[in-house]
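Peer 1: For reference, the sequence and a predicted model appear below.
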Amino acid sequence: MGRLVADILDRLIERRTGRRYRAYLREYREMERWPRERLETWRWERLRALLDHAWRTVPYWKEVFDRLGARPGDFRSLDHLRLLPPMTKRLIEERGDDLVSRAPSRGPVSLKSTGGSTGRNTWFRIDRETHDRRRAAGRLTEEWDGVVPGTRTAILWGASLETSPSRAARLYDLLTGRFFFSAYGIDEDDIRRWFDRLERFRPEVISSYPSILLHAARLAGKKRCRRLGVRLIYTSAEALYPPVREELEDLFGAPVRNRYASREFGVIASDCPEGEGLHVMDMRLIVEVGESPLLEGPGELLITDLDNWPMPFIRYRIEDVGVPLEGACPCGRSWGRLASIDGRSLDVIVTPEGKAFGGTFFTIVFRPFDRAIRQFQVVQDRRDRIRVRLVPGEAWSPDRRAEILAVLREKLGPRMILDVEEVDEIPPLPSGKRRFVVSEIESSRPGAGVP
Ligand SMILES: [Zn+2]
């Protein structure tokens, strides 16, 4: 029933608005079976077109090519891409406008921000075609597990604090079997109510952050988790460590699929149901794995978006690290693989009253202050204290500080001591791992004990 409704809705949307994601999905279904050589030729052509566009219409990239004394036409292979300097978040902060194409766009363009979802705020522009292609990529990876619009899906996410989605989006979710639960400020009673509602809703799939899902599942216990009978769990937004995956799979009795996605690119890589590791979205992105600082181990990821022309992302340093996985996958897909990704790690913060906040809570609290905060880190070092370290941005002021304190006070309750400190820089850990919501209270750290 849900599937039929979803299909009719999709056709309607396509006809009325000209959205193309269904067409792109059909393309991608074919492309994942292309021989590697054909895919490489195609990617190279897309990249050449992107570089040419960047050189002709984007002031910053024109400067870069001039400095190299080269033109995109001089580039002969994907290897030559390495001649270009990585694009950093700081560069976007400092030279945002110079990164925007002066060419007329192919359609409506929206301005988005990461809201410090990586501990640092980044603005970017994206056009409708790219948006639809991202959506198609997301759907494709779900189809790998037979998950289609209409599959009953419970989403334990930070919905309540975000700007509420449009009425049309809510209606679409309702009609296509997607059900949202807030993952913020939940105590044991809330979690009990979650599970009551989940039992009535009978989801086939749960989608959530690893940290908060594990927190809730541990409190509910294995019996209640298993009673739901879910067949699959998707996790994203945080790094998924092997012990967390194992514990979630044991609690729910269902496999966990890791999806690596970001606000800048949508799905970047997603677990293969048949083989090891995550398949990279090679038809949309070029994901380079840089050299590892150690002899073996993860290297930094640099991402080029082949689709988005209003503001090209070329060798973008996303500030995550990953390990490439060589060799063909038993599933037969020709797309490359990553063995693992060490992205942001977010612990759950639990207040003295027992209310739990998933790490993305802070991202969403700080998002309205994106001009005032460049970067942040939150550390809970005692049950009743959090230390917030902020790198002030251009719009920082005592008023902003007071507003931030007021929001945190309201959400985290009267007993939490809030210690806000302004700093010049938040250094990454020696391992290169970025942890910006950290709980030093053992019981609430899902990734505890993981190196
Ligand atoms: Zn595979």
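Peer 2: Nice, thanks for sending it over.

Peer 1: where in the stretch 101-250 of the chain is pLDDT low?
Peer 2: The stretch 101-250 of the chain contains residues with pLDDT under 70 at 114-121, 158-165.

Peer 1: ok and the residue in it nearest the ion?
Peer 2: Trp144 (8.2 Å; C-beta to the ion). In this view, the C-beta of every residue, glycine as well, is placed from N, C-alpha and C.

Peer 1: so what's that residue up against?
Peer 2: 270, 272-273 (C-beta atoms under 8 Å, 6 or more residues apart in numbering).

Peer 1: Distance of the residue nearest the centre of the chain relative to Glu394?
Peer 2: Central residue of the chain (C-alpha atoms, centre = their mean): Ser262, 2.8 Å from the mean position. According to C-beta to C-beta, to the nearest Å, Ser262 stands 24 Å off from Glu394.

Peer 1: before we move on, what about Ser207?
Peer 2: Relative to Glu394, and taking C-beta to C-beta, Ser207 is found at 36 Å.

Peer 1: Run a quick neighbour tally on Val58.
Peer 2: Here the number of neighbours of Val58 (other C-beta atoms under 10 Å) works out to 22.

Peer 1: Can you tell me the closest non-neighbouring residue to it?
Peer 2: Ser101 (5.1 Å; C-beta to C-beta, 6 or more residues apart in numbering).

Peer 1: Look through this structure and tell me its longest helix.
Peer 2: helix 36-57 (DSSP state H).

Peer 1: so where do the helices sit in the protein?
Peer 2: Using DSSP H, the helices of the chain run over 2-17, 21-31, 36-57, 59-68, 89-95, 128-143, 167-175, 188-201, 210-220, 222-227, 242-252, 360-366, 398-412.

Peer 1: What helices and strands are in contact with the second one?
Peer 2: If I follow you right, that is helix 21-31. In terms of contacts (3 or more C-beta pairs under 8 Å, 6 or more residues apart in numbering; DSSP states H and E), helix 21-31 is packed against helix 2-17, helix 128-143.

Peer 1: change it to 10 Å
Peer 2: If contacts are counted by 3 or more C-beta pairs under 10 Å, 6 or more residues apart in numbering; DSSP states H and E, helix 21-31 sits against helix 2-17, helix 36-57, helix 128-143.

Peer 1: Quick one: distance of the longest one to the chain centre.
Peer 2: For helix 36-57, the separation from the chain centroid amounts to 25 Å (computed by C-alpha atoms, centre = their mean, to the nearest Å).

Peer 1: likewise stretch 313-330?
Peer 2: 14 Å.

Peer 1: Now it: buried residues?
Peer 2: Of the residues in stretch 313-330, 313-325, 329 count as buried by neighbour count, 16 or more other C-beta atoms under 10 Å.

Peer 1: Over to stretch 183-202?
Peer 2: 183-186, 190-191, 194-195, 198.

Peer 1: what sits against Ala269?
Peer 2: 141, 258-261, 277-282, 285, 287, 301, 322, 335-338, 341 (C-beta atoms under 10 Å, 6 or more residues apart in numbering).

Peer 1: Show the buried residues in the residues you listed.
Peer 2: With neighbours counted by 16+ other C-beta under 10 Å, the contacts of Ala269 contain buried members at 141, 258-261, 277-282, 285, 287, 301, 322, 335-338, 341.
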